[in-house]
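J.: need a structure here:
(2 chains)
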Amino acid sequence: MSAAVADPTAPLTPSGNLRRRRAFSRSTEHAATGAAIFAVAVLGIVIYSVLSRGASAISIDFLTKGAPAGVAPAIVGTGVIVALATLIAAPLGVLMAIFVTEFAGERLAGACRLTLDLVNGMPSIIIGVVVFIMLVEQRKQSAIAASVALAIIMLPLVARGSMEILLLVPKSLREAADALGVNRWRSVLTVILPSALGGILTSTVLAVARAAGETAPLILLCSVFDPRSISLNPFEAIPNIPVTIFSLSEEGNPEGFARAWGLALVLILAILVANIVARAMLARSRRRMTQ
Amino acid sequence: MSTTISSAGSSLAAGPVRVSRRRKQADRLGDRLLFGVCALAALLGAVLIVLIAYQVIKGAQPAISKFGLGFLVHTTWQPNFGVFGAGSLIYGTLLSSFFALLIGAPLAIAIGLYLSLLAPAGVRGVIGPLVEMLAAIPSVILGFWGIIVLAPFVQQNVEPWLHDTLGFIPLFGAPQTTGASIFTASLILTIMIVPIIASISRDLFLAVPRDVQDGASALGATRWEVVRGVVLPSTASGVVAASLLGLGRALGEAIAVTQVIGAGAEIHASLFMTGDTLASRIASQLPGAITGMHTASLYYLGVILLVIGVFSNLLAHWIGRRFDYRRFAK
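T.: All right, here's what the predicted structure looks like:
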């Protein structure tokens, strides 16, 4: 540094110190890039493992028959459980979001957000335990109990996602409705909700994708079932994908492993597709609303 | 068209637009109904939290009154003899989660920095969602992958290497035969928490005003010095909050941990031995609990987990709000 000051005519090349600082800066840049590549590589490795091991298990029989040949009951069962959970969670979540964005004052909205965050941060096993105590301990396992637990897990996701979208609804729309003398409930139901519908659907799809793979509550609530036949009865324990993968993985039987990989592939594909579609939809509706 | 305009004009001329009484009543009712229904739904959040705490604590009551706070430090867990203590489980939970945070947080912050400051726009749009996709992989699949793919690899390659180079630290003891260990569990937890911390910290870094960074650059700071001197200090609290959220997630994970940790009963200094965590013990033993006290003790584990989880979430919330950089920017 001082050398450069002493001689103003010296060419502007980095001195030793600056060269060192630059090299260090560059190495940290490389490290950050490496970290990002590493994370993507881990995702790639996991998906590749599931693909390469699961693809050989997939066949028509695998997807359409009951155990031991196939896993159709588990696929149908997960569909039933998640659909019921969505029926509970989506309306409640949207209503919560409307309350926070349309009715609540700043402090009340903050409190609602905090409770939603707390529910969201609640370990899923705890939610499973609570539903176990309330619905299963005195009676028996059932798909309904599993749906209730999944609904509690989905609720904050739907509500927070819907809130974000409702807040993006342009103020001018509300003001226009107010200026026309439209009542609050009419403007919420006919102006604000329809324009936010795309975003609400997206956050619901993301919540479904999250709930479909949730295992911990199902282990407690819906794990003793007959894997041979398809059951749609929500008042009994029905086969489902996560518990089937879990129990096959704990058994340590190579044939079971093959089925578990096949099932994992089905689940992961469904979840990834749902995620990709939802993200694309979200980006689109966000662009449209912020324009 | 013209007729409607003229008729509207005539009604305006005649005075204010008449709204029928029925419509007025319907509107008043509709407003109240919508407000009521929404308020009830919003109340549900608070009700849920109270309900969760109440039910778990009530279920644990027999174990709480029998073992008291000594439950937290006793390490024996023998359902057949009616002796229960959570010591080794708390140890396993904290060790695996903190180790996961130790690896995961720097990795995630680096990813956040890359996505917010380094990556070209096109690359950012691809890598960002891919990293978040990591969080979408169900824990049961990650755990299964952990047993079959990760554990043997770790046991054959990573653990011997760590033992050879860092073996003087008791944490890095001799590798065991299966690869089911607290270390493997930590790695799985790391995969789970990295996307959470990375996406929050990316958003934080993106919110740092560009002109402050440019100012630092103009003063001759290198890119790293801008990060070190401007970006990280102004977002530190948010990054800490994000890490706490990740930690909370790791502490409560049950399934994937059950699959890879090996359900060991004792406390070992070495990361490469088996262990067990609170959440994983509940998941593995509650369905087949043999006595009432066994069940109550498992609920007691739930109470501990609940307290740790709520505490870490509240702390994250408080730190994130108290020191929110964006609030000062406004």
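J.: so how far is residue B:47 from residue A:150?
T.: Going from residue A:150 to residue B:47 by C-beta to C-beta, to the nearest Å gives 18 Å. C-beta here means a position set from N, CA and C on the backbone, and glycine is covered the same way.
J.: again, but for residue B:84
T.: Following C-beta to C-beta, the distance that separates residue B:84 from residue B:47 is 31 Å.
J.: Next: residue B:140.
T.: 30 Å.
J.: more neighbours, those two?
T.: Set side by side, residue B:140 and residue B:47 show more neighbours around residue B:140, with 29 against 12, by other C-beta atoms under 10 Å in any protein chain shown.
J.: ok, the one residue in the stretch 151-291 of chain A that gets nearest to chain B - contacts?
T.: Residue nearest to chain B within the stretch 151-291 of chain A: residue A:213 (2.5 Å; C-beta to the nearest C-beta). Residue A:213 is in contact with A:241, A:242, A:267, A:271, B:136, B:137, B:138, B:139, B:140, B:141, counting by C-beta atoms under 8 Å, 6 or more residues apart in numbering or on different chains.
J.: any idea how far chain B is from residue A:15?
T.: As judged by C-beta to the nearest C-beta, to the nearest Å, residue A:15 and chain B stand 12 Å apart.
J.: got it, and residue A:106?
T.: 13 Å.
J.: Just give the number of residues close to that residue.
T.: Neighbour tally, residue A:106, other C-beta under 10 Å: 7.
J.: Give me the buried positions along the host helix or strand of residue A:42.
T.: Using DSSP states H and E, residue A:42 falls within helix A:16-54. Within helix A:16-54, the residues that count as buried by 16 or more other C-beta atoms under 10 Å in any protein chain shown are A:21, A:25, A:28-29, A:32-33, A:35-36, A:39-40, A:42-43, A:46-47, A:49-50, A:53-54.
J.: Next: stretch B:55-62.
T.: So, applying 16+ other C-beta under 10 Å, buried residues of stretch B:55-62: B:55, B:56, B:57, B:59, B:60, B:62.
J.: how about low-confidence regions in the stretch 1-150 of chain A?
T.: A:1-12, A:14 (pLDDT under 70).
J.: In it, what residue comes closest to chain B?
T.: For the stretch 1-150 of chain A, C-beta to the nearest C-beta, closest residue to chain B: residue A:123, 2.5 Å.
J.: who are the neighbours in contact with that residue?
T.: Contacts for residue A:123 (C-beta under 8 Å, 6+ apart) come out as A:216, B:251, B:252, B:253, B:254, B:279, B:305, B:306, B:309.
J.: Now for residue B:151, how many residues are close by?
T.: For residue B:151, the count of nearby residues is 24 (other C-beta under 10 Å).
J.: I figured it hits residue B:180, correct?
T.: Yes: using C-beta atoms under 8 Å, residue B:151 and residue B:180 qualify as a contacting pair, with a distance of 5.9 Å.
J.: Spell out which residues are contacts of both of these two.
T.: By C-beta under 8 Å, 6+ apart, the residues touching both residue B:151 and residue B:180 are residue B:260.
J.: any idea how far residue B:312 is from the residue nearest to the spatial centre of chain B?
T.: The centroid of chain B falls nearest to residue B:249 when counting by C-alpha atoms, centre = their mean (2.7 Å). Distance, residue B:249 to residue B:312, by C-beta to C-beta: 9 Å.
J.: Find residues that contact each of the two.
T.: When contacts are counted by C-beta under 8 Å, 6+ apart, the set common to residue B:249 and residue B:312 consists of residue A:121.
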